[in-house]
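Engineer: model this:
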Amino acid sequence: MHIPDNYLSPSTCAVMGAAMIPVWVMAVKKVKENVPKERIPLLGVGAAFSFLLMMFNVPIPGGTTAHAVGAALLAILLGPWPACISVTIALLIQALLFGDGGILAFGANCFNMAFVAPFVGYFIYKFIKERVKSGKGEYIGIIAGSYIGINMAALCAAIEFGIQPLLFKNAAGLPLYSPYPLSVSVPAMMVSHLAIAGVVEVIFTVAIYAFIKRVSPGMIYEGAKQKIKPIYAAIVALIILSPLGLLAAGTAWGEWGADEIKNVISGGKSLGFIPEGMKNGFNFNALFPDYAIKGVPDIVGYILSALAGAAILIIIFKIVSALKKGKPAKIQA
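Structural biologist: Model prediction:
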């Protein structure tokens, strides 16, 4: 679901970035007003969870892959506005350091995964929980919210892909950017997310939520005990297990490089050309593209990338917490 650069036109990227500006402004305002100093580091923990979950690629029939996002999980644990900030920073680190998601397409990726997914997921969760009063209501809400949240994000990405060939063509009538119309992009994205990625999202969300509720209920309920060491242990476990994401061969739909897209098979035939916007578009060289480190085995590089990304995110929010005014509360180890 990470849209690379040059799949969307510069004007589309500008519109999506502009749409996110008021969201980010409101998110920062809400976090400043409502999130106490001692809970700011939890945004880093949430960002680390999201970052790591997005590294666990799962195979999709047809040779592509998909992944969970964890946006609804963060919204349920921290609130939708803090979740927006956490996922945004996770996506920024992915784009800058690992080339996962485009620089120009950053606003579009944030719109889908840091805005649509957490807010849709959270409000569905809240709607169900408030109406199903039994103990099952909470988990029914989590399942529905996480499943629908990621699928709505995927639908938005599919629409962003699909409108490109309708709006942007060269003199010969060939698409300049994403070459697949809505009739291709929507089924391709939605079938994989409805059938597989959405289920994976639910499994991760329920499992992590249940774990946190058991070992550190203070992350969920105010006034309850908040223990951070078990949470860090879970993050370390995800880092160690992250190479499982390498087992899924193939590239996620809509994330092919310019050297790949010419030969992508769709509808029984290959595309046969490289859109001009991709061939001559913006190029950014990440330090560790595809979570690989030059001269290091893929598995080791993947683990080191997971470790670096999670650590950077946790440190960023610890620094923000240290700079935020207010007396910190004690968090139990």
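Engineer: mind listing the helices for the stretch 51-200 of the chain?
Structural biologist: Secondary structure of the stretch 51-200 of the chain (DSSP state H, counting those that start in this stretch): helices at 71-78, 80-98, 106-110, 117-131, 136-162, 164-167, 182-192, 198-215.
Engineer: tell me which of these sits most buried.
Structural biologist: Most buried of the helices of the stretch 51-200 of the chain, by mean neighbour count (mean count of other CB atoms under 10 Å): helix 71-78, with a mean of 30. C-beta here means a position set from N, CA and C on the backbone, and glycine is covered the same way.
Engineer: can I get that helix as PDB, trimmed to CA atoms?
Structural biologist: Extracted C-alpha coordinates of helix 71-78, given in PDB (Å, rounded to 0.1, in the frame of the first residue of the first chain):
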ATOM      1  CA  ALA A  71      -3.200   2.000  12.400                       C
ATOM      2  CA  ALA A  72      -6.500   0.900  14.000                       C
ATOM      3  CA  LEU A  73      -4.500  -0.800  16.800                       C
ATOM      4  CA  LEU A  74      -2.700   2.500  17.500                       C
ATOM      5  CA  ALA A  75      -6.000   4.500  17.400                       C
ATOM      6  CA  ILE A  76      -7.700   2.100  19.800                       C
ATOM      7  CA  LEU A  77      -4.700   2.200  22.200                       C
ATOM      8  CA  LEU A  78      -3.700   5.900  22.000                       C
END
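Engineer: so that helix versus helix 136-162, what angle?
Structural biologist: 140 degrees (axes from the mean of the first three to the mean of the last three CA atoms, to 10 degrees).
Engineer: and V132, what is it in contact with?
Structural biologist: Shown in contact with V132 (CB atoms under 8 Å, 6 or more residues apart in numbering): 140-141.
Engineer: and it, how far is that from E138?
Structural biologist: Per CB to CB, to the nearest Å, V132 is found 8 Å from E138.
Engineer: also G99?
Structural biologist: Taken as CB to CB, the span from G99 to E138 is 38 Å.
Engineer: reformat the helices of the stretch 51-200 of the chain as JSON lines; add distance to A248 and mean pLDDT.
Structural biologist: Listed next are these as JSON lines, based on distance: least, CB to CB, whole Å; pLDDT from 0 to 100:
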{"stretch": "helix 71-78", "distance to A248": "20", "mean pLDDT": "97"}
{"stretch": "helix 80-98", "distance to A248": "16", "mean pLDDT": "98"}
{"stretch": "helix 106-110", "distance to A248": "20", "mean pLDDT": "98"}
{"stretch": "helix 117-131", "distance to A248": "21", "mean pLDDT": "97"}
{"stretch": "helix 136-162", "distance to A248": "17", "mean pLDDT": "97"}
{"stretch": "helix 164-167", "distance to A248": "26", "mean pLDDT": "97"}
{"stretch": "helix 182-192", "distance to A248": "12", "mean pLDDT": "96"}
{"stretch": "helix 198-215", "distance to A248": "11", "mean pLDDT": "96"}
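Engineer: nearest to K269 among those helices would be which one?
Structural biologist: helix 182-192 (12.1 Å; CB to CB).
Engineer: what angle do the closest one and helix 198-215 make?
Structural biologist: Using the same axes, to 10 degrees: helix 182-192 against helix 198-215 is 40 degrees.
Engineer: now helix 182-192, how far from the centre of its chain.
Structural biologist: 19 Å (CA atoms, centre = their mean, to the nearest Å).
Engineer: can you list contacts of that helix?
Structural biologist: 1, 60, 64, 66, 151, 154-155, 157-159, 161-163, 166, 178, 180, 253-254, 266-267.
Engineer: change it to 6 Å
Structural biologist: 60, 66, 154, 158, 161-162, 253 (CB atoms under 6 Å, 6 or more residues apart in numbering).
Engineer: just checking, next helix/strand downstream of the helix or strand encompassing E260?
Structural biologist: Assessed by DSSP states H and E, E260 sits inside helix 258-261. Using DSSP H and E, the helix or strand that follows helix 258-261 towards the C-terminus is strand 265-266.
Engineer: F168 - nearest residue in space that isn't next to it in sequence?
Structural biologist: Distances taken as CB to CB, 6 or more residues apart in numbering place L176 nearest to F168, at 4.4 Å, with adjacent residues excluded.
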